[in-house]
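**Student:** Mind folding the following:
(2 chains)
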There are 2 protein chains.
Amino acid sequence: MFTLDKLVAEINKKQSFLCVGLDTDLSKIPSHLLSEPDPIFAFNKAIIDATEPFCVSYKINTAFFEASGAAGWESMQRTFDYIPNNCFKIADAKRGDIGNTSNQYAKAFFETLNADAVTLAPYMGNDSIAPFFDYKGKWGIVLALTSNPGSADYEQKIVGDKFLFEHVVENTCKIGSTQNLMFVVGATKPEEFELIRKHAPNHFLLVPGVGAQGGSLKEVVKYGLNQNVGLLINASRSIIYASNRNDFAQLAAQEASKMQQEMAFLLA
Amino acid sequence: MFTLDKLVAEINKKQSFLCVGLDTDLSKIPSHLLSEPDPIFAFNKAIIDATEPFCVSYKINTAFFEASGAAGWESMQRTFDYIPNNCFKIADAKRGDIGNTSNQYAKAFFETLNADAVTLAPYMGNDSIAPFFDYKGKWGIVLALTSNPGSADYEQKIVGDKFLFEHVVENTCKIGSTQNLMFVVGATKPEEFELIRKHAPNHFLLVPGVGAQGGSLKEVVKYGLNQNVGLLINASRSIIYASNRNDFAQLAAQEASKMQQEMAFLLA
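**Tutor:** Numbering: from 1, shown residues only, chains lettered A, B, ... in the order given. The predicted structure follows:
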């Protein structure tokens, strides 16, 4: 159970709303780890130990683990098991399917992996993501507006009197509440936060795209902050690959600490 | 490599365009299999042996395997490895993410599992699915119009002068060809096949929703057939759970054979 109250309390305690993204790529981790029995877990463990004081959440990108098949799922399970319980554990899986299939995905992420949250792709509509909201104390994080150029293809198309991503926010709020529903909102377009906040003033937003993808933390806070903070800012590559040498964990901590300090300043 | 020519040749040889969906659920398989070392694989193996004469494709629903974690991925790998090479192997995974993440999913499904095709969710736009089309001889099968009620939420919304799902078909045709791109089109709305065929007259369509979900094979063929057949009809539950006793494989073969005979009649 990771309640909204617990999340807000952790943010206030750590003065951070940083989420560290574990997009762990075997070809990018320091070579001295490759002799470990599970190099991906060894890397994640070191990153978690180093960054935990500065963040409130970890986001595990399932693709990077699935690329290694069953062994990758074992590394993923070890990583979820290792993350301390005061951190909000996100499976970045972007799932969504007909009901009986989404039930199985919910089981995979909420029961087998024991994630607190899973990211969801809304294309197939509300019934394709509804099963994730039946789990008490678990969260669905629905793609609204993403930070890639392709967001112009459909998300930013006008449907009736508003953008498709606004319909997604409005419509998904019918099946989830501020207690179990967040939205993914890309940080590269800060002015569009105002549109999201119009439909979801009190929900948390998961914001990728700060760091390697170029978004500005200050802008995001200006437009996205609410009375509960209401933001989780994800940074992946800029933290976990700050160095590819023996000092990788130390430099990851430095990068995470730098972001935490900026956040503390913006929260003050 | 499963080329378009090979797929059409297999369809003509078997007089079938049936795809058997392996949505294998531990709670639904015959109880005598539960003592096997890998019950899910044991079930799939028996279903494949029994139905292979009557179908040209198998669709593995990844959710049902992920629900069992790493052990589930092992069952999934064994299942992909076991499917004969004259059958088109689909990973029904509905993935789609920013480029470097989609690269990892493509690696997971096309390299690690050696699937011929993977289903893709287009919400994030063309760049989120483009990496799957960089694999020679592999296919992306993009969600266009699905058969669940939630398809009304976004897929069937009007954008400009047409439905969102028409934009998806039109737009995705810019990054894939008839040699590597199919679309998922729900069988519950046969008249909408005409709209799909307007934008993709020569592409193959993967059609779920015949069988347990209630679509009519005759209607789908009437509106969807093209000069290459251009249809793969998926049936999952109506075949694999035709019986939950010792005769499950025999009854699955009967159901598959019945569909194959209908298909042969419609192809004549």
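
**Student:** where does chain A have low pLDDT?
**Tutor:** Across chain A, the ranges flagged by pLDDT under 70 are A:188, A:211-215.

**Student:** where along it do the strands fall?
**Tutor:** Listed in chain order, the strands of chain A (DSSP state E) span A:18-22, A:57-61, A:88-95, A:117-120, A:139-145, A:158-159, A:162-163, A:181-185, A:204-207, A:231-235.

**Student:** Next, the angle from the longest helix seen in chain A to strand A:231-235.
**Tutor:** Longest among the helix segments of chain A by residue count, using DSSP state H, is helix A:248-267. Here helix A:248-267 points in a direction 150 degrees away from that of strand A:231-235 (axes from the mean of the first three to the mean of the last three CA atoms, to 10 degrees).

**Student:** quick one: contacts of helix A:248-267?
**Tutor:** The contact list for helix A:248-267 (CB atoms under 8 Å, 6 or more residues apart in numbering or on different chains) reads A:14-18, A:20, A:29-30, A:43, A:46-47, A:49-51, A:53-55, A:217-218, A:221, A:225, A:229, A:233, A:235, A:238-243. Where C-beta positions appear, they are placed from N, C-alpha and C, glycine not excepted.

**Student:** Identify the residues contacting the residue lying closest to residue A:117 once chain neighbours are set aside.
**Tutor:** Excluding its sequence neighbours, the residue lying closest to residue A:117 (CB to CB, 6 or more residues apart in numbering or on different chains) is residue A:139, at 3.7 Å. Residues near residue A:139 by CB under 8 Å, 6+ apart: A:2, A:116-118, A:180-182.

**Student:** hang on, the earlier thing: looking at the strands of chain A, which is nearest to residue A:10?
**Tutor:** strand A:88-95 (7.4 Å; CB to CB).

**Student:** Next, count neighbours for residue A:89.
**Tutor:** Neighbour count for residue A:89, taken as other CB atoms under 10 Å in any protein chain shown: 22.

**Student:** Quick one: residues contacting it.
**Tutor:** Listed by CB under 8 Å, 6+ apart, the contact set of residue A:89 reads A:2, A:57-58, A:60, A:80, A:83, A:114-117.

**Student:** how about a cut-off of 7 Å?
**Tutor:** A:58, A:80, A:83, A:115-116 (CB atoms under 7 Å, 6 or more residues apart in numbering or on different chains).

**Student:** ok, back up a step: just the buried subset of the contacts of helix A:248-267, written out for ChimeraX, thanks.
**Tutor:** Here is the ChimeraX selection string for the buried members of these, based on 16 or more other CB atoms under 10 Å in any protein chain shown:
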select /A:14,15,16,17,18,20,29,30,43,46,47,50,51,54,55,217,221,225,229,233,235,238,239,240,241,242
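
**Student:** Give me the distance between the residue lying closest to residue A:191 once chain neighbours are set aside and chain B.
**Tutor:** Spatial nearest neighbour of residue A:191, chain neighbours left out: residue A:223 (6.9 Å); criterion: CB to CB, 6+ apart. As for residue A:223, its distance to chain B is 21 Å (criterion: CB to the nearest CB, to the nearest Å).

**Student:** tell me the contacts of the residue most central in space within chain A?
**Tutor:** The structure's chain A has its C-alpha centroid closest to residue A:59; by CA atoms, centre = their mean the separation is 4.7 Å. Under the criterion of CB under 7 Å, 6+ apart, the neighbours of residue A:59 are A:19, A:21-22, A:90, A:92, A:234.

**Student:** run the last query once more with 6 Å
**Tutor:** If you count contacts by CB atoms under 6 Å, 6 or more residues apart in numbering or on different chains, residue A:59 has them with A:19, A:21, A:90, A:92, A:234.

**Student:** Make TSV out of these and add neighbour count and distance to residue A:157.
**Tutor:** Formatted as TSV, these follow (neighbours: other CB atoms under 10 Å in any protein chain shown; distance: CB to CB, whole Å):
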residue	neighbour count	distance to residue A:157
A:19	23	29
A:21	23	28
A:90	27	27
A:92	27	24
A:234	26	25
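
**Student:** would you turn the residues you listed into CSV with distance to residue B:151?
**Tutor:** Shown next, in CSV, are the contacts of residue A:59 (distance: CB to CB, whole Å):
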residue, distance to residue B:151
A:19, 32
A:21, 31
A:90, 27
A:92, 25
A:234, 30
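
**Student:** Is stretch A:226-236 in proximity to chain B?
**Tutor:** No: for stretch A:226-236, no contact with chain B is found by CB under 6 Å from any CB of the partner chain; the gap never falls below 9.6 Å.

**Student:** start to end distance for that stretch?
**Tutor:** The straight-line separation of the ends of stretch A:226-236 (CA to CA, to the nearest Å) is 24 Å.

**Student:** List the contacts of that stretch.
**Tutor:** By CB under 6 Å, 6+ apart, stretch A:226-236 touches A:8, A:11, A:17-19, A:21, A:23, A:57, A:59, A:204-208, A:210-211, A:224.

**Student:** can you check stretch A:114-132 too?
**Tutor:** A:2, A:80, A:88-94, A:96-97, A:99, A:102-103, A:106, A:109, A:139-143, A:168, A:175, B:121, B:123, B:143, B:146, B:148-151, B:153.

**Student:** Kindly report the same for stretch A:19-28.
**Tutor:** Contacts for stretch A:19-28 (CB under 6 Å, 6+ apart): A:40, A:43-44, A:51, A:55, A:57-61, A:64, A:232, A:234, A:236, A:239, A:241.

**Student:** Can you pick out the most distant pair from those residues?
**Tutor:** Across these, the longest distance by CB to CB is 23.3 Å; it joins A:40 and A:232.

**Student:** that older thread, any idea how far the longest helix of chain A is from the chain center?
**Tutor:** Distance of helix A:248-267 from its chain centroid, counting by CA atoms, centre = their mean, to the nearest Å, is 17 Å.

**Student:** What residues of it count as buried?
**Tutor:** Buried-residue list, helix A:248-267, by 16+ other CB under 10 Å: A:248-249, A:251-257, A:259-260, A:262-263, A:266.

**Student:** Let me know the closest of those residues to residue A:71.
**Tutor:** residue A:248 (21.8 Å).

**Student:** I'd say the residue nearest to residue A:191 and residue A:192 touch.
**Tutor:** No: taking contacts as CB atoms under 6 Å, residue A:223 lies outside contact range of residue A:192: 8.3 Å.

**Student:** Name the residue in the two with the higher neighbour count.
**Tutor:** residue A:192 (20 against 17).
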